[in-house]
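Trainee: Here is the input, now give the coordinates:
(2 chains)
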Amino acid sequence: MLEILHPNISNNNKNNIDINLSEEKIKINIRGKNKEFFTKVGKILSIILPSESNTSSSNENYDVLWLSPDEWIVYFDENKNSNIFDQLYKDISSLKFGSITDISSQLICINIKGENIFELLSSGSPFNFEKFKNNVGSSTQTIVNHIDVILHHKSKNNVNLFVRRSFSEHLYEWLVDSSNFV
Amino acid sequence: MPNYRIHKTEYIDETKRVSFKYDGKTYFGYEGDTLASALLANGIHLVGRSFKYHRPRGIVSCGAEEPNAICQIGSKKDLTEPNVRATELELYEGLEASSQNCWPNVKFDIGGINNFISPLIPAGFYYKTFMWPKSFWKKVYEPLIRLSAGLGKSPTEPDPDIYDHKYVHYDVLVIGGGVSGIIAAKMAAKNNLKTLLVDDKKILGGSTIYQNNESIKIDNKLSSEWLKNEIQEIKKLSNLTIKTRTSIAAYHGYNFLLAKENLTDHLPEEKKKNKIRQRLWKIRAKKVVIATGSIERPLVFNNNDRPGILLSNSINKYLDYYGVTCGENIILFTNNDSAYETSISLHKKGIKNLIVDLRKSASSEIIKQAESLGIKIYFNHVVTNTFGYRKINSLEIMKLSEDGNTTVGDKIKLSCDCLGMSGGWTPMVHMHTQSGGKLDFRNEDQVFLPKENSEDQISVGSCNGDFDLENIIDKTVNKINKFLDIDNQDYQDTNIICSKENDKRNIWLLPNKIPLGKTKCFIDFQNDSTAKDIKLALKEGFRSIEHVKRYTTTGMATDQGKLSNMHALGIIADTAGVKMGTLGTTTFRPPFTPLTFGTIVGRNVGKFFEVVRKTSMHEWHVKNNAEFENVGQWKRPWYYPKNGENMHDAVQRESKAARDSAGILDASTLGKIDIQGTDASEFLNRVYTNAWSKLAIGKCRYGLMLNEDGMVYDDGVTTRISENHYLMTTTTGGAANVLSKLEDYLQTEWPELDVYLTSVTDHYSTASICGPNSKKILNKLFPNLDLSDENFPHMSFKEAKLENINCRIMRISFTGELSYEINIESKYGHSLWKMCIEAGKEFNLTPYGTETMHLLRAEKGFIIVGQDTDGTMTPSDLQMDWIVSKKKYDFIGKRSLYRSDTIREDRKQLVGLLTDDPKEILEEGAQIVSDIKSKPIDMLGHVTSSYFSPNLNKSIALAVVRSGKTMKGQKLIIPMENKNINVTVSDTIFLDKENKRLNA
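Mentor: Just a heads-up that it's a prediction; the model follows:
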């Protein structure tokens, strides 16, 4: 029987910082640049892809993060619409309008909440969080403790951190350790 | 016990007595003391022995420039720390410190014999002496030198302290919390700029904070009182962060600076527990204001290094800040006005003192004030010698000649118990030069000053050569207004009264009747280099300051020549008859003051030493006793020892099982790139050396990727998923670089291609099952999948479902066996692996690690990029000409394959090697020769891979050998330390040349 095994990440709370695994999310990498691509994505997700760097768009079902001028990541709870990947792939990849790739297991989502989260992230990230922390909806690609991450400022002092699965346990342990010292 | 603490100050809390041990004896100080001030309060000047001559040395300064008072702190094996400056270490209850570089103790040091033989061991002595007899070097000289080398003792157990790093971003960073730094910080913060002010001391204020001379006033207040008000004001500014006990260690390009904050070094041991000891701040600032001040210069005269000889301004700080007098009968030797402030302070506290001034006369206000107090001044005089072994007790002065080149008249002997020297001031331009700034030389007072050429960095205050208070404040305000493009009027009406220095006279090496060769005029106190050494270096032909520095070791000690560099330059200039400004300076390198290793490393210790990547199957490997190998950042199973097996035995078992029945490998770490787009085939044609346009959907192909120079860069199998959709695999270690390189090509070289790349390395986990029984195992897992060779031939792929989960199965082989790679979404990876193991039980499916993988592929002659290649191998060198398309118009590296050098026939080429003794296993990296007797011996190449093959029952190796392609059958020699191993050049494929096993 095939069982799901997520990385060994448990809930942790220290110094006003909550660290939780936020899995059971589908993540899809979407790439494209022509008009048809934007139209198709907009129609399927009912969302306009953010065009400004380090921003995101959200609706009740999906969050879409800007990654580059022709690349986004859309993530959502897997019980919301598990067929959305097939639909996107069929209407975009198959019709040669762009590229749709399932990366649900590529990235692990760790949710970090609390007043001191930006202090924590600044221990290992050279990114300037000054504007980021004041703008809910901001997203960025940076490094935390030498590891590539994508950050999404979901709500005030509430960040979804996406990290490659293989790095996730190490980064989690580092986050827990560093949260002792903020 | 004598008590030299003669008055109360607001910086020392005499209600909080602190006991500490120095050289095993218990003393007392107060909260607020440094170790140095507490020692001086207890009458202790002698704190160590010099590095080379083991001369008794005392505290010289009160800050980071201290060359002598460096101590060993603590005695625990894990916490002891050498070379800590007593002048910077804040006193805490229970502190244990000891003097360094002396045995049996600082008062009687056996090494002191060096002082008596000092004429025999001048600068360069080591380089000249230990050349002969040659045989003495290894057995006599080196052991002896090693025994005496080094200062202090390193801890021998891991550091239990906690260190941390933090990144911060500011609009303005102000370095230095003296008067100019405080003004700059206030102006910046009040202009709504997010500002950080750092200072290495416990409190802000620099030397002005304890200034109490009535002739120096701001707005009719003592300058110290005025500054205290300013400090109170800036503490209220919400966008100003003040960090004390924080020193800038390095100033890198683009205003990136590193600062070390001491958080617990001043606390007693019980209060340090579980707290961060030091934090490294990584600061990005849009603008940087350098206000690092200046350091008082010593003077260079005979025996200027005795305990009790200090910098004049330091005597003043110990007195007015710590309430400690450095002596009861003090002489101040100066060439400028600042020593007069010390003299007046001493006089006010009733300390007997007099002044010896190099200058013929001087007429500033402060000198008049000293004269009016009846302080004796010897103008136009110079100290020519000092006396006293463990502490100065007297000195001799003589009158200077008119030109200052010699002394005249009779010696005057003066008794004293302390000598203060003041040779002027050296602006601290370290930060400016570290940032890339250049220097100008101001001849008037012989100082190097920052040459301003940056819009993002500025120097203010005395580090910019402004030494009197009026100049400091006026110029700082004007410069900051301009620098920050603001119009701050806060200081417009500030009324400043201060004495102006009118007369200057600088002599780098003071004249003496005694020949220089018989004097000890120290320049670098810590490294024991003297004026004589500098002159010797010049005599021996060294001209560049960088060469003189290295020959004499001037400025190379832990204080990095803060007190010595200017004098070395001055003496070189005077001796060589060149202008000092044209000599330049030695390079100011970070760190400004030494950093602990802990601060540099931060939390990257223990399990955080290195970033670790794990596959989804990792837990199973751990449970099954795998030994792991680091591959890139991945932890890959290396081998799975059973019943006490060593690696060799485990690998022999694993590889035999894979060939005889079935083996399974966690191949999840291979890089995987999803390629989509209408031009995906064309993209692959340009990336790989072989052709891709005709690869059918559902088929796989091996590809070799070159660098622009034609050398093999990476390899892997790519699968055509659909018309415009491929899945590329790369080597484990090369995955990230390959993706970056390909994305770079798409964005910069081939923007016309409609291709998108997405990394899916972590999305898929891969179990690779190989061996004659692999098909049977796969059949158990995927009973509905037609695994016949017709339907699912070698180098093809199928989509399949394991239960309800999609899998991609590639029939590809890196072992030469019938082999399948099952890819599944990583969250199911662990489960897939367990199911494979379960299904394979009846076939003795054996998990194998990277070592067996290497052996199996070597038997087949398959290369590993990075092991059998080293960035200098072309496909032809690897005997892989077959993979280079002759028909394709272009691919990365194609042109380079036709260069004269890459088509040379005598390039190193990949071959197989068989040892004459089949049991002999070659060492990887061993050199290969044909004639052991020729001199110099001609190295033909080296062994790249070597194993004992249980399947062939003999040793096999791959090697790169010059002209190797033409050497098949030739005998070569592997010279090892104790023997020569004879080998024969063979084909690179050792097993199943006909590839029968692929379809077995």
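
Trainee: For the closest residue to residue B:483 other than its chain neighbours, what is the enclosing helix or strand?
Mentor: The shortest distance from residue B:483 to any non-neighbouring residue, by C-beta to C-beta, 6 or more residues apart in numbering or on different chains, is to residue B:458 (4.7 Å). C-beta coordinates here come from the backbone N, C-alpha and C atoms, glycine included. Per DSSP states H and E: residue B:458 is located in strand B:457-459.

Trainee: Next: residue B:574.
Mentor: Following DSSP H and E, one finds residue B:574 within helix B:565-576.

Trainee: which residues make contact with the helix or strand following that helix from outside it?
Mentor: Downstream of helix B:565-576, the next assigned helix or strand under DSSP H and E is helix B:580-583. Helix B:580-583 is contacted from outside by B:440-441, B:443, B:446, B:448, B:545, B:569-570, B:572-573, using C-beta atoms under 8 Å, 6 or more residues apart in numbering or on different chains.

Trainee: Of all the residues in the stretch 901-1000 of chain B, which one is nearest chain A?
Mentor: Closest to chain A within the stretch 901-1000 of chain B is residue B:945: 26.7 Å, counting by C-beta to the nearest C-beta.

Trainee: can you pull out the strands in the stretch 601-750 of chain B?
Mentor: If DSSP state E, counting those that start in this stretch is used as the criterion, the strands of the stretch 601-750 of chain B fall at B:627-631, B:634-639, B:663-666, B:671-676, B:700-706, B:712-722, B:725-730.

Trainee: Report the beta-bridge partner residues of the residue nearest the centre of chain A.
Mentor: The centre of chain A sits closest to residue A:162, judged by C-alpha atoms, centre = their mean, with a distance of 4.6 Å. Assessed by DSSP bridges, residue A:162 has beta-bridge partners residue A:109, residue A:150.

Trainee: residues in contact with it?
Mentor: A:27, A:73, A:75, A:107-110, A:149-152.

Trainee: Name the nearest residue to residue B:454, sequence neighbours excluded.
Mentor: Nearest residue to residue B:454 in three dimensions, chain neighbours excluded: residue B:437, at 6.6 Å (C-beta to C-beta, 6+ apart).

Trainee: what's near enough to touch the one you found?
Mentor: Per C-beta under 8 Å, 6+ apart, neighbours of residue B:437: B:429, B:450-454, B:457.

Trainee: Among the residues you listed, name the buried ones.
Mentor: Buried by 16 or more other C-beta atoms under 10 Å in any protein chain shown: B:429, B:450, B:452, B:454, B:457, out of the contacts of residue B:437.

Trainee: quick one on the thing from earlier: what's the farthest-apart pair in the contacts of residue A:162?
Mentor: A:73 and A:110 (15.0 Å; C-beta to C-beta).

Trainee: Run a quick neighbour tally on the nearest residue in space to residue B:62 that is not next to it in sequence.
Mentor: Leaving aside its sequence neighbours, residue B:62 sits nearest to residue B:314 (C-beta to C-beta, 6+ apart; 4.2 Å). By the criterion of other C-beta atoms under 10 Å in any protein chain shown, residue B:314 has 25 neighbours.

Trainee: what helix or strand does the closest residue to residue B:786 other than its chain neighbours sit in?
Mentor: Counting by C-beta to C-beta, 6+ apart, residue B:786 lies nearest to residue B:792, which is 6.4 Å off, once chain neighbours are set aside. Under the criterion DSSP H and E, no helix or strand holds residue B:792.

Trainee: Just to check, residue B:792 is in contact with residue B:782?
Mentor: No. Assessed by C-beta atoms under 8 Å, residue B:792 is found out of contact with residue B:782, at 10.2 Å.

Trainee: Residue B:310 belongs to a helix?
Mentor: No. Assigned with DSSP: H, G, I helix; E, B strand; the rest coil, residue B:310 falls outside any helix and is strand.

Trainee: any idea how far it lies from residue A:116?
Mentor: 46 Å (C-beta to C-beta, to the nearest Å).
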